[in-house]
Every structure is written in structure tokens, then in C-alpha cells.
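Colleague: Here is a sequence together with a model predicted from it:
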Amino acid sequence: MAAPSLVPDLCTPDPVPADVRAVIELFSTQLAKVAFPDVDAASLRREADELRAEATNVARARAALDAAEAARARREVALAATAARAMAYARIYCDAHPERQPLASAIANLTTAPAIAPAPIGKRRGRPPRRSAELFDAATLPSGPPHEPPIS
């Protein structure tokens, strides 16, 4: 008995191309009783199911990668914040101990406090906003204060 077909998630497209699904349908209906060497309805369905299973594995791996990247980004932001706080403490300590000149030099040689990286922003979608620059173009505005009518 053949394994049941994996039904693709409704949110993701079927990885089996439409033309291949049509061939499987043909072999499942009109050519159901016909078998060629290494090709019949069952072998086509089996390979399509294997492709769907691999696509599911890819989707799971991609989701795991996305989660891992998000966790790494959170850790990076936390580390940057801790490093900035550490630099603030070091500066305060250095101010309280002016005799520690090598420490003051080392702190001064460091770049400014590490910046907290902003969260990545996805690509903006849609059309760019309309610009109405021609309404306010200086060449089209009459000269003089805005409350006076133009001189003819």
C-alpha cells in the first residue's frame, strides 16, 4: 500500500511544478494501468511526496535559521549595551583615579562607546511617496511676502 501523499501547507506553494502534477494526474487516471520501466503512477507520486518532504525539511531549517539569527541579533544588542555600560563605568572609575594615566590613555584610545545596532529593517514595499515639490518650487512662487498679491 502506498504512503499517503504529503499535503503541502496552505501557506506555502506546492514544490511540485504544475506540469509535473499534470503528468502525475495523467498517470493516475488515463494511464493508471500502464507502467513503463521505472515510471508509473506510484513512482511519480512517491517522488513527488519525497520532494514535498524535502521542501518541508528546508522550510523547517529556514525557520530554525531565522530563529537562530534573531537570537544572535538579540545577543549582539545585549553585548553592545553591556559594553557601552562598561565603558561608562570605566570612565567614571578613571575620573575618580586621575593618577592612573595609562588607564586614561587606554580609555581615550578606544573608540566611542559601542553603538547598539538597530534592528534590521526590511525592504520598504509599495510605491514611493508622491512628491509635490512643484507646489513649493521657489521658481513658481511669486516674489514678496506671502500675504501680498503679486505685482503685475
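Modeller: Ah, there it is.

Colleague: which residues sit against the helix or strand of the chain with the lowest mean pLDDT?
Modeller: Lowest by mean pLDDT, DSSP states H and E among the helices and strands of the chain is helix 101-109, with a mean of 90. By Cβ atoms under 8 Å, 6 or more residues apart in numbering, the residues outside helix 101-109 that reach it are 87, 90, 91, 93, 94, 97, 98. For every residue, glycine as well, the C-beta is placed using N, CA and C.

Colleague: and those residues as CSV, adding secondary structure?
Modeller: Below are the contacts of helix 101-109 laid out as CSV (DSSP: H, G, I helix; E, B strand; the rest coil):
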residue, secondary structure
87, helix
90, helix
91, helix
93, helix
94, helix
97, coil
98, coil
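
Colleague: how much space is there between residue 25 and residue 16?
Modeller: Distance of residue 25 to residue 16, computed by Cβ to Cβ, to the nearest Å: 11 Å.

Colleague: The two: who's more crowded?
Modeller: More crowded of residue 25 and residue 16, by other Cβ atoms under 10 Å: residue 16, with 20 against 13.

Colleague: In a helix, that one, correct?
Modeller: No: using three-state DSSP, the secondary structure at residue 16 is coil, not a helix.

Colleague: Look up phi and psi at it.
Modeller: Dihedral pair for residue 16: phi -80, psi 120, per degrees, to the nearest 10.

Colleague: Any idea how many residues pack against the closest residue to it other than its chain neighbours?
Modeller: Take residue 16 and drop its neighbours on the chain: the residue closest to it by Cβ to Cβ, 6 or more residues apart in numbering is residue 48, 4.7 Å away. The number of residues packed near residue 48 is 20, by other Cβ under 10 Å.

Colleague: Would you indicate which residues of the least confident helix or strand of the chain are buried?
Modeller: If you call a residue buried by 16 or more other Cβ atoms under 10 Å, then helix 101-109 has these buried ones: residue 104.
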